[in-house]
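K.L.:
Pasting the sequence and the predicted model now:
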Amino acid sequence: MRWWIKTRRVATLVAAGAALSTLLGALVGGRQLVLPSLFSGAQAAVLVVFLPIPLVACLALSLESRLTAFEASSVRPVPGLDAALVLTTLASCLVVSLAFQSSTAVCVVRNAAFLTGLMLLTRPLARQAAVMVPVVWIALVVFLSRRPWPDPDPWTVLPEPASAPHAVLAAAAALTAGLLIHLRARQEQP
């Protein structure tokens, strides 16, 4: 178990990504940036769209840190441990966000769950390049959204308020599907 924790860099890499995203979410609030848009020339985008990137990138890097020979011969359920790492990290971020009583921080965690799910869905095909899928999704949200914040297009998920049930369902569905694909892909590898 110790080798898995060290290999995945849980105490350093994952903890740092989680702390950075969650604390920035609590401190930034609902601040906005004016960014170019394909349909409206320029539109306001809330920073909460960008804040999950450190957490998702650290999780992706952690999951790619493997000792292939040891994991192939391991008795421990390494894919299950990886899934538990993702869920524990997101749950701890959610607890910290609720402690801050910040709806923005809760949105960051929801968005991190959604983007992590997208990243996990594409990892079997894209491997290390899957870390770019969340960045591409964010670019699509910023550049292709037709309705500016505070009433964004429902498909965008990320700029939605914390109370939007469809965004929570989309995040839960993406994360669940991503974890299932991750578990299945790891079991099929030699």
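P.N.:
Ah, there it is.

K.L.:
Show me where the chain has its strands.
P.N.:
Ranges of strands within the chain are 32-37, 41-46, based on DSSP state E.

K.L.:
can you tell me which of those the model trusts least?
P.N.:
For the strands of the chain, mean pLDDT drops lowest on strand 41-46, to a mean of 68.

K.L.:
quick one, helices of this protein?
P.N.:
Ranges of helices within the chain are 2-7, 15-28, 53-64, 68-73, 78-100, 103-126, 132-144, 165-188, based on DSSP state H.

K.L.:
Let's test this: mean pLDDT of the fourth one, rounded?
P.N.:
Think helix 68-73. Mean per-residue pLDDT for helix 68-73: 70.

K.L.:
try the first one
P.N.:
For helix 2-7, the mean pLDDT works out to 82.

K.L.:
Which elements pack onto that helix?
P.N.:
In terms of contacts (3 or more C-beta pairs under 8 Å, 6 or more residues apart in numbering; DSSP states H and E), helix 2-7 is packed against no helix or strand at all. Bear in mind the C-beta positions are built from the backbone N, C-alpha and C, glycine included.

K.L.:
what's the answer for the third one, then?
P.N.:
Where contact means 3+ C-beta pairs under 8 Å, 6+ apart, helix 53-64 is packed against helix 15-28, helix 78-100, helix 103-126, helix 132-144.

K.L.:
again with the fifth one
P.N.:
For helix 78-100, the contact count by 3+ C-beta pairs under 8 Å, 6+ apart identifies helix 15-28, helix 53-64, helix 103-126, helix 165-188 as packing neighbours.

K.L.:
Put the alpha carbons of the third one into PDB.
P.N.:
It refers to helix 103-126. The C-alpha trace of helix 103-126 is given here as PDB (Å, rounded to 0.1, in the frame of the first residue of the first chain):
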ATOM      1  CA  SER A 103     -21.100  28.200  -3.200                       C
ATOM      2  CA  THR A 104     -18.300  29.000  -5.600                       C
ATOM      3  CA  ALA A 105     -16.100  26.400  -4.000                       C
ATOM      4  CA  VAL A 106     -18.900  23.900  -4.300                       C
ATOM      5  CA  CYS A 107     -19.200  24.700  -8.000                       C
ATOM      6  CA  VAL A 108     -15.400  24.100  -8.400                       C
ATOM      7  CA  VAL A 109     -15.800  20.700  -6.900                       C
ATOM      8  CA  ARG A 110     -18.800  19.900  -9.100                       C
ATOM      9  CA  ASN A 111     -16.900  21.100 -12.100                       C
ATOM     10  CA  ALA A 112     -13.900  19.100 -11.100                       C
ATOM     11  CA  ALA A 113     -16.000  16.000 -10.800                       C
ATOM     12  CA  PHE A 114     -17.500  16.600 -14.300                       C
ATOM     13  CA  LEU A 115     -14.100  17.300 -15.900                       C
ATOM     14  CA  THR A 116     -12.500  14.400 -14.100                       C
ATOM     15  CA  GLY A 117     -15.200  12.100 -15.500                       C
ATOM     16  CA  LEU A 118     -14.500  13.400 -19.000                       C
ATOM     17  CA  MET A 119     -10.800  12.900 -18.600                       C
ATOM     18  CA  LEU A 120     -11.300   9.300 -17.300                       C
ATOM     19  CA  LEU A 121     -13.700   8.500 -20.200                       C
ATOM     20  CA  THR A 122     -11.000   9.400 -22.700                       C
ATOM     21  CA  ARG A 123      -7.900   7.900 -20.900                       C
ATOM     22  CA  PRO A 124      -8.100   4.400 -22.500                       C
ATOM     23  CA  LEU A 125      -7.800   6.000 -25.900                       C
ATOM     24  CA  ALA A 126      -5.800   9.100 -25.300                       C
END
